[in-house]
Structures are given as structure tokens and as C-alpha cells.
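Q: Below: sequence and its predicted model.
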Amino acid sequence: MSDLFPVDTFSRLRVTFLGTGTSTGVPVIGCDCAVCRSSDPRNQRFRSSLWVQTERASILVDAGPDLRMQALRAKIKNVDAVIYTHGHMDHVVGFDELRAYCWNRDTPLPMYANQGCMDQLRTMFAWAFADTNIYRGYIKPGPVIFDGSFLLEGIQVTPLPVLHGNVETHGFLFRKNGHRSIAYISDVKRLSREAMDAIHGCDVLVVDALHHRSHPTHMNVNEALEVIEQAQPKLAYFTHCSHEIDHAQLEKILPAPVRIAYDTLTIDL
Ligand SMILES: [Zn+2]
Ligand SMILES: [Zn+2]
Ligand SMILES: [Zn+2]
């Protein structure tokens, strides 16, 4: 992390969980389990995504298949940039919905991603990146491949490399006035040493906790609790949860600083 970044030009940092579900979303199509039939709105999870706001910026982390409904529900009028965690379908296929955020701007919409995710976007949406994409109303992506910390609309963002199957994946640490405000790691099986060091003692840590059973590419509840124990955040939230997690039941037995995020939850930092 460079100390050369200018002093932040915002005083309000707000995050809103647009979605907190795993790749299927919850309820799952065709499933009759208790969570899928639950009337608790916290058990209804769109695909995982975060909306980061300051008084001058509106930034999305990921743009998955539920983006249209998420944007309507949260009343997201404009987006200044999108940051991608990785190229899995549940995080990128809302790409074309982003055209609504291109109509009112004269420059391409900045999209920050690691090399693997950007390659994936270019393959899936080749027409959008092509020189022939000149029609008004079409999405105009402005690709930026990050390599270390970057400054985005006055916010210091540090990409956190993590292991998540064989896909190049990052979480992100957002700082306010140099302070480690919130780390968001939605898809992870194991954190790198670099990521663990970066998030230690942050105010809010959001981590992948798929369900209780073990999974090859996601942390389960116990693995997530171990990471939280090591990282010592003031407050922690689970996200990317499957239909095997009943919000009320699990939250009752979690240790004090750990909660389960739910769709529409907003945190002011
Ligand atoms: Zn995912
Ligand atoms: Zn179910
Ligand atoms: Zn994934």
C-alpha cells in the first residue's frame, strides 16, 4: 500500500449488500426445503454483490445475474465504476445491464478486474469491447486491470488475492482516511498471507461462508469463523450463503462479533 495516495475527499462511506447468496441464489429453483420456503426476507438471497457509496461516488463490486432487480430495489441511479472479484457467472453475467449506467456519461464505464476476469469478460462480451461498438445505447466498457492498490473516486482500494478453486480471485479492502474500514471477500477457500495481513484488525470483515458442510472452493461456516478469529475485525459478516443456512437459526449461535449479512443490509463506516 503506497503512502503517496492523497487524503481522501469523502467523509461518508456506505456499503449496501445487493445480494448475499451463492451462485444459485436462494430460494433455489425447484427446492422445497425450509429455507427456500421461509418467509424470513433474510433467507431470500440474490447473487452476491456489494454497492459502495461516498458522497461523490457510486461503485459496484460485481455485476451478476440479479443486477437489474438489485439496482431497481436499491434505487441505484448511477454507477461510476465496477470492480470485479473474479470471472464466475454469478459475478459477471449482469454485464449488459450496466449499459443503463453508460447512457448518461461521455466516457466508457471503468471496469476494474484482475487479468483472468478481464479475459473472461472480453471472451463473453467480445462485441462490447470491439472497435465496432459505436452505437449509442450500447454498453461501453472501460477496462482497467489492477495490479496492487489503486485510488478510485477518492477511495483507496487494495485487492486481496485469495484461493477459490482454479479461478484468479480477489477480495477488496476499502480504506477511509487511511483506515482499514471494510474488507469484502465473497468467494474464497483460503486467504493468502498477504490478504490476512492486509485485513488484520479492520473494522468490518465480510467473508464467504457457504454452509456447514465442506466445499472444495468455498469456506464453510467453521473455516470462516477461523479466519475471523485470526483477523480480529471489530465486526464480521458472512455472505455468499446457500439455502442450507437459515439466517435466524445460525445467527443465534454465532460468537458476538459475527453476523450474517442479508440483502439490503446497509452499513455506514
Ligand atoms: Zn460466487
Ligand atoms: Zn432449498
Ligand atoms: Zn466464484
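A: In hand now; what should we look at? Bear in mind the structure is a predicted one, so any value in this text is a computation, not a measurement. Ligands and ions are numbered 1, 2, ... in the order given.

Q: hey, let's count contacts and neighbours off CA atoms from now on
A: Noted.

Q: Need the residue in this protein that's farthest from the chain's center.
A: Distance to the chain centre peaks in the chain at residue 132, reaching 30.9 Å (criterion: C-alpha atoms, centre = their mean).

Q: which residues in the stretch 101-250 of the chain form helices?
A: 115-124, 126-129, 193-199, 221-231, 247-253 (DSSP state H, counting those that start in this stretch).

Q: and the first one, average pLDDT?
A: For helix 115-124, the mean pLDDT works out to 98.

Q: Who are the packing partners of it?
A: Packing contacts for helix 115-124, counted by 3 or more C-alpha pairs under 8 Å, 6 or more residues apart in numbering; DSSP states H and E, involve strand 141-145.

Q: Repeat that for the fourth one.
A: Helix 221-231 is packed against strand 204-208, with contacts defined by 3+ C-alpha pairs under 8 Å, 6+ apart.

Q: Please apply the same query to the third one.
A: If you count contacts as 3+ C-alpha pairs under 8 Å, 6+ apart, helix 193-199 packs onto strand 155-163.

Q: can you rerun that using 10 Å?
A: With contacts defined as 3 or more C-alpha pairs under 10 Å, 6 or more residues apart in numbering; DSSP states H and E, the packing partners of helix 193-199 are strand 155-163, strand 169-176, strand 179-185, helix 221-231.

Q: Save these as JSON lines, and put in distance to ligand 2 and mean pLDDT too.
A: Output for the helices and strands packed on helix 193-199, formatted as JSON lines (distance: least, C-alpha to the ion, whole Å; pLDDT from 0 to 100):
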{"stretch": "strand 155-163", "distance to ligand 2": "27", "mean pLDDT": "97"}
{"stretch": "strand 169-176", "distance to ligand 2": "27", "mean pLDDT": "97"}
{"stretch": "strand 179-185", "distance to ligand 2": "24", "mean pLDDT": "96"}
{"stretch": "helix 221-231", "distance to ligand 2": "18", "mean pLDDT": "98"}
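
Q: wait, what's in contact with the residue nearest to residue 20 when sequence neighbours are not counted?
A: Nearest non-adjacent residue to residue 20, counting by C-alpha to C-alpha, 6 or more residues apart in numbering: residue 48, 4.4 Å away. Residues in contact with residue 48 (C-alpha atoms under 10 Å, 6 or more residues apart in numbering) are 17-23, 25, 61-67, 90-91, 186-187, 208, 239-241, 262-263.

Q: low-confidence ranges in the stretch 1-150 of the chain?
A: Low-confidence segments of the stretch 1-150 of the chain, defined by pLDDT under 70, are located at 1-8.

Q: Close to ligand 2: what parts of it are there?
A: For the stretch 1-150 of the chain, the contact set with ligand 2 under C-alpha under 5 Å from the ion comprises 31, 33, 36.

Q: picking that back up, make a PyMOL selection of the buried ones in the contacts of residue 48.
A: With 16 or more other C-alpha atoms under 10 Å as the criterion, this PyMOL line picks the buried residues out of those:
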select buried, resi 17+18+19+20+21+22+23+25+61+62+63+64+65+66+67+90+91+186+187+208+239+240+241+262+263
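
Q: In the stretch 151-269 of the chain, what residue comes closest to ligand 2?
A: Nearest residue of the stretch 151-269 of the chain to ligand 2 (C-alpha to the ion) works out as residue 243 at 4.8 Å.

Q: and that residue, how far is that from residue 27?
A: Between residue 243 and residue 27 the distance is 7 Å, computed by C-alpha to C-alpha, to the nearest Å.

Q: which residues do these two both contact?
A: Going by C-alpha under 10 Å, 6+ apart, residues that sit against residue 243 and also against residue 27 are 21, 33, 34, 35, 36, 37, 43, 44, 45.

Q: From these, list the buried ones, please.
A: Neighbour counting by 16+ other C-alpha under 10 Å classes 21, 35, 36, 43, 44, 45 among the shared contacts of residue 243 and residue 27 as buried.

Q: didn't the third one look like it was pressed against residue 21?
A: Going back to what we said before, that points to residue 36. No - applying C-alpha atoms under 10 Å, one finds residue 36 not in contact with residue 21, separated by 11.9 Å.
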